[in-house]
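A.B. asks: please work out how this folds:
(2 chains)
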Amino acid sequence: GDSVTQMEGPVTLSEEAFLTINCTYTATGYPSLFWYVQYPGEGLQLLLKATKADDKGSNKGFEATYRKETTSFHLEKGSVQVSDSAVYFCALSRVDNDMRFGAGTRLTVKP
Amino acid sequence: GAGVSQSPSNKVTEKGKDVELRCDPISGHTALYWYRQSLGQGLEFLIYFQGNSAPDKSGLPSDRFSAERTGGSVSTLTIQRTQQEDSAVYLCASSLAGRVEETQYFGPGTRLLVL
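C.D. replies: Numbers count the residues shown, from 1 in each chain, chains lettered A, B, ... in the order given. Down below sits the predicted model:
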(Lines give C-alpha, C1' and ligand atoms only; values in the text may rest on other atoms or scores of the structure.)
Protein backbone atom coordinates (compact mmCIF):
# COMPACT_ATOMS: atom_id res chain seq x y z
CA GLY A 1 0.00 0.00 0.00
CA ASP A 2 0.90 3.66 -0.18
CA SER A 3 3.48 4.69 2.38
CA VAL A 4 6.07 7.27 3.35
CA THR A 5 9.52 6.60 4.74
CA GLN A 6 11.48 9.42 6.27
CA MET A 7 14.85 9.78 7.84
CA GLU A 8 14.85 8.77 11.46
CA GLY A 9 16.00 11.23 14.02
CA PRO A 10 16.77 12.81 16.15
CA VAL A 11 18.81 15.31 14.20
CA THR A 12 20.93 17.86 16.07
CA LEU A 13 22.50 20.77 14.22
CA SER A 14 24.25 23.98 15.08
CA GLU A 15 22.65 27.26 14.10
CA GLU A 16 23.28 28.20 10.45
CA ALA A 17 24.00 24.60 9.44
CA PHE A 18 22.49 23.06 6.30
CA LEU A 19 19.53 20.77 6.84
CA THR A 20 18.34 17.80 4.81
CA ILE A 21 15.61 15.45 5.95
CA ASN A 22 15.10 12.60 3.50
CA CYS A 23 11.66 11.41 2.52
CA THR A 24 10.73 8.73 0.01
CA TYR A 25 7.31 7.43 -0.87
CA THR A 26 5.50 4.51 -2.43
CA ALA A 27 2.23 5.27 -4.10
CA THR A 28 -0.03 4.33 -6.95
CA GLY A 29 -1.28 7.13 -9.12
CA TYR A 30 -0.27 10.73 -8.55
CA PRO A 31 -0.23 11.70 -4.91
CA SER A 32 0.31 15.18 -3.53
CA LEU A 33 3.23 15.49 -1.13
CA PHE A 34 3.44 17.53 2.05
CA TRP A 35 5.75 18.50 4.86
CA TYR A 36 4.05 19.25 8.16
CA VAL A 37 5.77 20.65 11.24
CA GLN A 38 4.92 20.34 14.91
CA TYR A 39 6.60 22.93 17.12
CA PRO A 40 6.93 22.16 20.84
CA GLY A 41 3.55 22.41 22.54
CA GLU A 42 1.74 23.26 19.32
CA GLY A 43 -0.45 21.47 16.81
CA LEU A 44 0.51 20.11 13.43
CA GLN A 45 0.74 22.72 10.70
CA LEU A 46 1.53 22.70 7.01
CA LEU A 47 5.07 23.76 6.14
CA LEU A 48 4.97 23.27 2.36
CA LYS A 49 3.49 21.07 -0.33
CA ALA A 50 3.81 20.03 -3.97
CA THR A 51 0.99 18.63 -6.03
CA LYS A 52 2.72 17.30 -9.15
CA ALA A 53 6.06 16.02 -10.36
CA ASP A 54 8.91 18.57 -10.51
CA ASP A 55 6.97 21.10 -8.41
CA LYS A 56 8.96 22.78 -5.67
CA GLY A 57 7.26 23.74 -2.44
CA SER A 58 8.85 26.44 -0.32
CA ASN A 59 8.13 28.31 2.89
CA LYS A 60 10.15 29.99 5.67
CA GLY A 61 13.41 29.16 3.86
CA PHE A 62 12.53 25.45 3.58
CA GLU A 63 12.27 23.78 0.17
CA ALA A 64 11.33 20.38 -1.19
CA THR A 65 11.03 19.17 -4.78
CA TYR A 66 8.63 16.44 -5.90
CA ARG A 67 10.84 13.92 -7.71
CA LYS A 68 8.80 11.24 -9.40
CA GLU A 69 11.83 9.46 -10.86
CA THR A 70 13.33 8.88 -7.41
CA THR A 71 9.97 8.92 -5.55
CA SER A 72 11.41 11.46 -3.14
CA PHE A 73 10.46 14.73 -1.46
CA HIS A 74 13.49 15.69 0.62
CA LEU A 75 13.24 18.73 2.88
CA GLU A 76 16.13 21.22 2.81
CA LYS A 77 17.06 24.50 4.43
CA GLY A 78 20.29 26.35 3.84
CA SER A 79 20.72 27.86 7.29
CA VAL A 80 18.70 26.60 10.25
CA GLN A 81 17.78 28.67 13.29
CA VAL A 82 17.06 27.69 16.87
CA SER A 83 13.40 28.47 16.17
CA ASP A 84 13.32 25.66 13.59
CA SER A 85 13.56 23.08 16.36
CA ALA A 86 10.48 20.90 15.89
CA VAL A 87 9.26 17.55 14.64
CA TYR A 88 8.90 17.35 10.86
CA PHE A 89 6.52 14.94 9.13
CA CYS A 90 6.53 13.98 5.48
CA ALA A 91 3.12 12.96 4.13
CA LEU A 92 1.33 11.98 0.98
CA SER A 93 -2.29 12.43 0.08
CA ARG A 94 -3.89 9.47 -1.62
CA VAL A 95 -6.57 9.29 -4.23
CA ASP A 96 -9.04 8.13 -1.59
CA ASN A 97 -8.03 11.12 0.45
CA ASP A 98 -6.59 9.96 3.70
CA MET A 99 -3.09 11.21 4.32
CA ARG A 100 -0.21 8.83 5.02
CA PHE A 101 2.50 10.19 7.30
CA GLY A 102 6.08 9.27 7.95
CA ALA A 103 7.18 8.58 11.51
CA GLY A 104 8.49 12.12 12.00
CA THR A 105 11.99 13.52 12.44
CA ARG A 106 12.86 15.53 15.53
CA LEU A 107 15.20 18.42 14.79
CA THR A 108 17.08 20.26 17.51
CA VAL A 109 19.08 23.35 16.57
CA LYS A 110 21.65 24.53 19.10
CA PRO A 111 22.92 28.11 19.29
CA GLY B 1 -11.03 32.79 11.09
CA ALA B 2 -11.45 29.99 13.56
CA GLY B 3 -9.43 26.86 13.05
CA VAL B 4 -10.26 23.27 13.87
CA SER B 5 -11.17 22.87 17.50
CA GLN B 6 -11.22 19.74 19.62
CA SER B 7 -12.49 18.92 23.06
CA PRO B 8 -11.55 17.97 25.62
CA SER B 9 -7.88 18.86 25.35
CA ASN B 10 -7.00 16.17 27.87
CA LYS B 11 -8.91 13.12 29.06
CA VAL B 12 -7.94 10.63 31.74
CA THR B 13 -10.12 7.56 32.05
CA GLU B 14 -10.09 4.14 33.58
CA LYS B 15 -9.66 1.00 31.57
CA GLY B 16 -13.03 -0.32 30.41
CA LYS B 17 -14.80 3.05 30.34
CA ASP B 18 -16.19 4.66 27.19
CA VAL B 19 -14.92 8.04 25.98
CA GLU B 20 -16.18 10.57 23.45
CA LEU B 21 -13.90 13.01 21.66
CA ARG B 22 -15.30 15.98 19.78
CA CYS B 23 -14.11 17.84 16.69
CA ASP B 24 -15.40 21.09 15.19
CA PRO B 25 -13.98 21.51 11.69
CA ILE B 26 -13.35 24.80 9.93
CA SER B 27 -16.64 26.25 8.76
CA GLY B 28 -17.37 25.31 5.16
CA HIS B 29 -14.97 22.37 5.07
CA THR B 30 -16.72 19.26 3.80
CA ALA B 31 -13.92 16.77 4.52
CA LEU B 32 -13.05 15.67 8.05
CA TYR B 33 -10.38 13.23 9.20
CA TRP B 34 -9.43 11.55 12.46
CA TYR B 35 -5.87 10.42 13.19
CA ARG B 36 -4.09 8.93 16.17
CA GLN B 37 -0.58 9.86 17.25
CA SER B 38 0.96 7.47 19.73
CA LEU B 39 3.99 8.46 21.76
CA GLY B 40 7.03 8.67 19.50
CA GLN B 41 5.05 7.46 16.51
CA GLY B 42 3.78 9.04 13.34
CA LEU B 43 0.17 9.70 12.61
CA GLU B 44 -2.17 6.80 12.01
CA PHE B 45 -5.26 7.39 9.88
CA LEU B 46 -8.51 6.33 11.55
CA ILE B 47 -11.54 7.55 9.59
CA TYR B 48 -12.52 10.03 6.87
CA PHE B 49 -15.83 11.80 6.22
CA GLN B 50 -16.63 13.58 2.96
CA GLY B 51 -19.91 15.44 2.72
CA ASN B 52 -22.87 13.09 2.93
CA SER B 53 -20.99 10.06 1.62
CA ALA B 54 -20.49 6.96 3.70
CA PRO B 55 -17.34 7.40 5.79
CA ASP B 56 -14.10 5.56 5.03
CA LYS B 57 -13.60 3.52 8.20
CA SER B 58 -10.69 1.50 6.90
CA GLY B 59 -8.26 2.82 9.51
CA LEU B 60 -10.26 2.06 12.64
CA PRO B 61 -8.17 -0.39 14.69
CA SER B 62 -11.06 -2.35 16.21
CA ASP B 63 -14.83 -2.40 16.51
CA ARG B 64 -14.47 -0.54 19.82
CA PHE B 65 -13.85 2.59 17.74
CA SER B 66 -16.65 4.43 15.98
CA ALA B 67 -17.27 7.94 14.71
CA GLU B 68 -20.19 10.05 13.64
CA ARG B 69 -20.50 13.33 11.85
CA THR B 70 -23.77 15.14 12.39
CA GLY B 71 -25.14 17.65 9.92
CA GLY B 72 -21.94 17.57 7.92
CA SER B 73 -20.11 19.51 10.60
CA VAL B 74 -19.23 18.38 14.13
CA SER B 75 -17.78 14.91 14.55
CA THR B 76 -17.54 12.64 17.58
CA LEU B 77 -15.07 9.79 17.92
CA THR B 78 -16.17 7.20 20.46
CA ILE B 79 -13.94 4.57 22.01
CA GLN B 80 -15.79 1.88 23.92
CA ARG B 81 -14.26 -0.24 26.68
CA THR B 82 -11.00 1.67 26.55
CA GLN B 83 -7.72 -0.19 26.83
CA GLN B 84 -4.32 1.12 27.91
CA GLU B 85 -3.03 0.83 24.35
CA ASP B 86 -5.64 3.40 23.32
CA SER B 87 -3.60 6.07 25.14
CA ALA B 88 -2.51 8.54 22.47
CA VAL B 89 -3.18 11.99 21.05
CA TYR B 90 -6.25 11.97 18.82
CA LEU B 91 -6.07 14.55 16.06
CA CYS B 92 -8.86 15.87 13.89
CA ALA B 93 -8.28 17.62 10.57
CA SER B 94 -10.49 19.19 7.93
CA SER B 95 -10.06 20.26 4.34
CA LEU B 96 -12.21 22.26 1.98
CA ALA B 97 -13.47 19.54 -0.35
CA GLY B 98 -11.31 16.49 0.28
CA ARG B 99 -9.32 16.81 -2.92
CA VAL B 100 -5.92 15.14 -3.08
CA GLU B 101 -4.00 18.41 -3.43
CA GLU B 102 -5.69 20.20 -0.55
CA THR B 103 -4.06 21.05 2.74
CA GLN B 104 -5.52 19.37 5.80
CA TYR B 105 -5.83 21.73 8.76
CA PHE B 106 -5.29 20.09 12.12
CA GLY B 107 -6.79 20.76 15.50
CA PRO B 108 -4.73 20.84 18.69
CA GLY B 109 -5.65 17.26 19.57
CA THR B 110 -7.11 15.43 22.53
CA ARG B 111 -4.57 13.72 24.73
CA LEU B 112 -6.14 10.50 26.05
CA LEU B 113 -4.66 8.58 28.95
CA VAL B 114 -6.18 5.24 29.90
CA LEU B 115 -5.19 4.08 33.37
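A.B. asks: quick one, what contacts B:S58?
C.D. replies: Contacts for B:S58 (CB atoms under 8 Å, 6 or more residues apart in numbering or on different chains) come out as A:D98, B:F45. Where you see a C-beta, it was placed from the backbone N, CA and C, and this is true even at glycine.
A.B. asks: count the residues that sit near B:L32.
C.D. replies: 28 (other CB atoms under 10 Å in any protein chain shown).
A.B. asks: do you know the pLDDT at it?
C.D. replies: pLDDT for B:L32: 94.
A.B. asks: okay, and the beta partners of it?
C.D. replies: Going by DSSP bridges, B:L32 is paired in beta bridges with B:F49, B:S94.
A.B. asks: just to check, it is in contact with B:S94?
C.D. replies: Yes. Here B:L32 reaches B:S94: they are 5.0 Å apart, a contact under CB atoms under 8 Å.
A.B. asks: overlap of the contact sets of these two?
C.D. replies: Listed contacts common to B:L32 and B:S94 are B:P25; contacts here mean CB under 8 Å, 6+ apart.
A.B. asks: strands paired with the helix or strand harbouring B:V12, and their directions?
C.D. replies: For B:V12, the host element (DSSP states H and E) is strand B:10-13. Using DSSP bridges, strand B:10-13 pairs in its sheet with strand B:110-114 (parallel).
A.B. asks: buried sites along the strand it pairs with?
C.D. replies: The neighbour-count check on strand B:110-114 (16 or more other CB atoms under 10 Å in any protein chain shown) flags B:T110, B:L112, B:V114 as buried.
A.B. asks: next: stretch A:2-12.
C.D. replies: Neighbour counts over stretch A:2-12 (16+ other CB under 10 Å) mark A:D2, A:V4, A:Q6, A:M7, A:V11 as buried.
A.B. asks: among the residues you listed, which ones are in strands?
C.D. replies: A:V4, A:Q6, A:V11 (DSSP state E).
A.B. asks: near the spatially closest residue to the first one that is not a sequence neighbour, how many other residues are there?
C.D. replies: In this case it means A:V4. The shortest distance from A:V4 to any non-neighbouring residue, by CB to CB, 6 or more residues apart in numbering or on different chains, is to A:G102 (4.2 Å). Each residue near A:G102 was counted by other CB under 10 Å, and the total is 26.
A.B. asks: residues contacting stretch A:31-45, please?
C.D. replies: A:2, A:23, A:25, A:46-52, A:57, A:62, A:64, A:66, A:73, A:75, A:85-95, A:99, A:101, A:104, B:43, B:91, B:93, B:100-101, B:103, B:106-109.
A.B. asks: hang on, the earlier thing: now, which of the buried residues of strand B:110-114 sits nearest chain A?
C.D. replies: Distance to chain A across these (CB to the nearest CB) is lowest for B:T110, with 11.4 Å.
A.B. asks: pLDDT score for the closest one?
C.D. replies: In this prediction B:T110 is given a pLDDT of 96.
A.B. asks: which helices and strands does the worst-scoring helix or strand of chain A on mean pLDDT pack with?
C.D. replies: Ranked by mean pLDDT, DSSP states H and E, the weakest helix or strand in chain A is strand A:99-101, scoring a mean of 89. If you count contacts as 3 or more CB pairs under 8 Å, 6 or more residues apart in numbering or on different chains; DSSP states H and E, strand A:99-101 packs onto strand A:3-6, strand A:86-93, strand B:31-37, strand B:43-50.
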